[in-house]
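1. Make a model of this:
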Amino acid sequence: MTIASDGLFAIGGVIKQYYTSGVMKFIKVMPYNIITHIISLVFSRMIYILFSFVILFILGRAIFGVTLNVPQYLSILSGSILGLIEFSFLGLLLSFTNMKAESEKGLINIIYFGLIFLSDTFYPMTEINPVFEGIVEFSPITPVLKVLRGDYTYTLYLALWAAAFMIAFYFCFKIFQVKRSKQ
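-> Here you go, the predicted structure:
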């Protein structure tokens with residue numbers, strides 16, 4: 001849940017705010033590409049989430065005596081990184097859908113809660129109602145949950161979702177730059 005919410009809400013709104021407030025003009029004259037800046041924002045969120053996980057692992061060990069083995073740490077690490085990339089670029093894509101309006105937050109909320117409650121995040125939705133199995137299996141949050149829970153067969157599926165959102169955002173960003181430069 002933290003991975004999805006951080007990815008959707010933390011980065012897209014910041015980049016949109018850069019454009020609407022004029023900060024992007026200053027970033028464009030810096031000696032690196034704006035895409036590099038966006039990727040660095042994603043990496044900063046990764047560091048934040050990984051630091052949070054380390055604290056949780058330490059507290060879990062100290063208070064409850066929970067021990068994890070190396071494959072479990074790797075599944076949490078890989079699921080967190082790929083999931084954050086996936087949801088960060090989905091958030092960026094949704095933020096860039098309409099640059100003039102503030103409506104993207106409502107759209108992101110609808111998508112976020114739809115993903116959370118139409119998945120196996122809190123309860124086994126596919127076991128409760130088999131009708132939702134197709135929706136749950138196609139959801140972009142499903143491979144994140146599966147990889148986090150140790151099912152590595154979904155890693156490629158997760159990477160494909162992340163790549164699809166990256167490519168879609170790249171084209172959306174390029175279209176926005178072309179429209180903005182013509183004005």
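2. residues near Ile3, how many?
-> Neighbourhood size, Ile3 [other C-beta atoms under 10 Å]: 24. For glycine as for every other residue, the C-beta is placed from the backbone atoms N, C-alpha and C.
3. Can you name the element that comes right after whichever helix or strand it is part of?
-> Element membership for Ile3 (DSSP states H and E) is helix 2-10. Note on helix 2-10: by DSSP H and E, the next helix or strand toward the C-terminus is helix 12-21.
4. thought Ser75 was touching Val147?
-> Yes - between Ser75 and Val147 there is a contact under C-beta atoms under 8 Å: 5.9 Å.
5. The two: who's more crowded?
-> Val147 (26 against 19).
6. Mind listing residues that contact the helix holding Ile3?
-> 41, 45, 48-49, 52, 79-80, 83-91, 94, 108, 111-112, 115-116, 141, 144 (C-beta atoms under 8 Å, 6 or more residues apart in numbering).
7. and what of stretch 45-58?
-> By C-beta under 8 Å, 6+ apart, stretch 45-58 touches 2-3, 6-7, 10-11, 66, 68, 76-77, 80-81, 84, 88.
8. Just the buried ones out of those, please.
-> Listed as buried from the contacts of stretch 45-58 are 3, 6-7, 10-11, 76, 80-81, 84, 88; burial here means 16 or more other C-beta atoms under 10 Å.
9. can you tell me which two in these are farthest apart?
-> Longest distance between any two of these is 21.1 Å, between Ile11 and Ile76; criterion C-beta to C-beta.
10. List buried residues within the contacts of helix 2-10.
-> Those of the contacts of helix 2-10 that meet the buried threshold are 41, 45, 49, 79-80, 83-91, 94, 108, 111-112, 115, 141, 144, by 16+ other C-beta under 10 Å.
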